[in-house]
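Participant: coordinates for the following, if possible.
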Amino acid sequence: MQELQANQVVDQFLAGLMYPVSKTELLERAAEAQLTDEVMAALNGLPDREYQKPAEVAKELNPA
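Facilitator: The predicted structure is shown next:
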C-alpha cells in the first residue's frame, strides 16, 4: 500500500513538470518538492539525458 502511494506521488510530481526536462532539473524540482530520500535516490539513478514526457521518466524508473 505504501509503495502504491509513493508511486502516485511520483506520478503527480512528474505530471506537474514542464517538458522537456533534464535529469538535473528533475533532481532540482524533486528537492524543492521535498520528495523522499528513496525517490531522490531513484531519480539520481536515471540516465543523464533530456526527457520529453512523464512516461519516459516513469519507464526508466520502472523498467519492464
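
Participant: quick one: the strands in this protein?
Facilitator: Under the criterion DSSP state E, the chain contains strands at 21-22, 50-51.

Participant: same list (those strands) but as JSON lines, adding mean neighbour count.
Facilitator: All C-beta spots, glycine's among them, are computed from the backbone N, C-alpha and C. Putting the strands of the chain into JSON lines (neighbours: other C-beta atoms under 10 Å) gives the following:
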{"stretch": "strand 21-22", "mean neighbour count": "16"}
{"stretch": "strand 50-51", "mean neighbour count": "17"}
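
Participant: with mean pLDDT and distance to Thr36 as extra columns, can I get the ones you listed in a markdown table?
Facilitator: What follows is these, written out as a markdown table (pLDDT from 0 to 100; distance: least, C-beta to C-beta, whole Å):
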| stretch | mean pLDDT | distance to Thr36 |
| --- | --- | --- |
| strand 21-22 | 98 | 20 |
| strand 50-51 | 98 | 20 |
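
Participant: how about CSV for the ones you listed, with distance to Pro63 added?
Facilitator: Formatted as CSV, the strands of the chain follow (distance: least, C-beta to C-beta, whole Å):
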stretch, distance to Pro63
strand 21-22, 19
strand 50-51, 15
